[in-house]
Each structure stands twice: as C-alpha cells, then as structure tokens.
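> sequence first, predicted coordinates after that:
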Amino acid sequence: MKNAVLMIHGLGGTKVEFGTLPASLQKAGLSVYHMVLPGHGGRPDDLDKVVMEEWLNAVGHEYGIIKQQHQTVHIVGMCMGALLACELVKNAQEAQGTQGKLVMLAPTLYLDGWSVPWYSRLRSVHYLLPRLRRTIRIPEESPYGIKNTRLRAIVQKRFERGDSFHYAWLPLQSIWQLDRLRHRVQQHLSIISRQTLIVHAQEDEFSTVRSAQALQQGIGLDRANLLILKNSFHMVCIDNDKATVEQAVLSFLSSKNPNKSAAENL
C-alpha cells in the first residue's frame, strides 16, 4: 500500500501554489491528495461567513478519509495551510510506526514581514465590528509573494485576467480567522511527535523567520528540522528556490531517519 500525502493550500489559494511539488511526490511513488478549504474555489466573498473551526473540521475529515485507505499519511501545508496541518497533527497522534511526517511551508505564525504595514496591528479593533469585517477588503498586491521578477509579471497578468488560481482580495473576516488560528497553533506545540520539516524564506514579506524558529523550538529540536531559503519570498514552491524546496521535501519524506543536514541554511 502506497504512503499518501495530504496537501493543504493557503488562505485564498489553490493547489497551484505548490508548483510542481505534487507531481514530483507522485513520481516518487506517493499518493497525493489535495483538498479545497471551505470558502475557497469560488469567490473571495465566500469567505465572509467562514470561521476557523470549519477549516479545522474540513482538514480533519479529509485526513480521516485518506487514513482509511493508507496506513501512513504525510501532511504538507502551505502558508495558512501549514498552520492547519500543524493543528491537525496535534489531534491525530497515531501509534509509532504509522505516523506520517509534517511539512510546513512558509508558515504564517506571526504576521510581521516587511510588506505588512504598521497599522495592520490595529486590525483587532475592526474585528469588533461585524460589518467592517465583511466590507473591508485586503487586496493581493505586488510582489505577490514572488521574488523572481519574470514569474511575478506572469502572475500579475493572471490576476488582471481574473484567473481563478488565487483570490484577488480577501475580506478582513478571513484575516480575523487566520489570527484566531495563529494564536491556537502557538499552544501545546510540544505534543507534536511527528518528524517535521519547516521551510521558510529569509525575505518572506508576510512573516519573518521568527515564525519558523518559534515552531521549531515549540515542537522540539529533536523532531523539527528548519530550512531557511535565501533567494525567495513567501511562495517558496514556485519562486527562485523551488528546486531546493522540492529536493528537501522529497528527501525528508523518503528518509526513515531524517537527516538534519538536509535542513541546513542555504
């Protein structure tokens, strides 16, 4: 029976943000499963009434279905999907020998990157007003998480055409739910017993490496490997370091005894 991988996309995103990683995982002999989080796959305002608990319930349900078909299920999450993956494994502690591994790509545990405006810290005031939570729109803007200028131009044209690969804006309501998730994930990290790989870009515009370091410390240095990328922004699977990310994830998931040298700073 093949081992499986559940891939969880980020806020406003789709499986496109994983680039060629899913195909490489399949080529390596893994069964790859994607899921569409509640409020995604349609219009941005579909997120208006979605709460964090719906995302958590959805990933738990999907994981349960896959687990019935595969003894070992690895979990790979991107951005908010990484936080959902982290929270999922806290509640899915199988017996030793059947546990899959956890991969967190660009986790947004803290929203403190260089593109986050200082006044975003005032967003909690707006959370108190339901109408504002649903009327304030947060647009997707350049650099779109991408350092590579050629690819960034392509992505910008896709946004201008209205392609459905990613929402062009997010309601403040969804950022509120992300904030709720961030605070929840920070609790009880030490109960995670799975071997973990955390990948983060030094220049991530949404979240500094503090997010990755805090997750590594919370889970434990004996279980969590950290890979810091030097030539990418937030979208690590499609940016300049995509080959490095792909190689690290494949090596990590295929190894019975994860080698920390695979997660050295690059």
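Noted; the coordinates are in hand.
> against which helices or strands is the longest helix along the chain packed?
Across the chain, the longest stretch assigned as helix under DSSP state H is helix 52-67. If you count contacts as 3 or more CB pairs under 8 Å, 6 or more residues apart in numbering; DSSP states H and E, helix 52-67 packs onto strand 4-8, strand 73-78, helix 80-90, helix 172-185. For every residue, glycine as well, the C-beta is placed using N, CA and C.
> direction included, what does the helix or strand just after the longest one pair up with?
Spelled out, it's helix 172-185. Later in the chain than helix 172-185, the nearest helix or strand by DSSP states H and E is strand 196-201. If you go by DSSP bridges, strand 196-201 pairs up with strand 102-105 (parallel), strand 224-229 (parallel).
> winner for burial among the ones you listed?
Highest mean neighbour count of those: strand 102-105, a mean of 28 (counted as mean count of other CB atoms under 10 Å).
> pull it out as PDB, backbone CA atoms only.
C-alpha atoms of strand 102-105 as PDB (Å, rounded to 0.1, in the frame of the first residue of the first chain):
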ATOM      1  CA  LEU A 102       4.700  17.000   8.800                       C
ATOM      2  CA  VAL A 103       6.000  19.600   6.300                       C
ATOM      3  CA  MET A 104       5.200  23.300   6.900                       C
ATOM      4  CA  LEU A 105       6.000  25.600   4.000                       C
END
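> so which bits of the longest helix of the chain are buried?
Met52, Trp55, Leu56, Ala58, Val59, Glu62, Tyr63, Ile66, Lys67 (16 or more other CB atoms under 10 Å).
> which residues does Thr208 contact?
Residues in contact with Thr208 (CB atoms under 8 Å, 6 or more residues apart in numbering) are Tyr110, Asp112, Gly113, Trp114.
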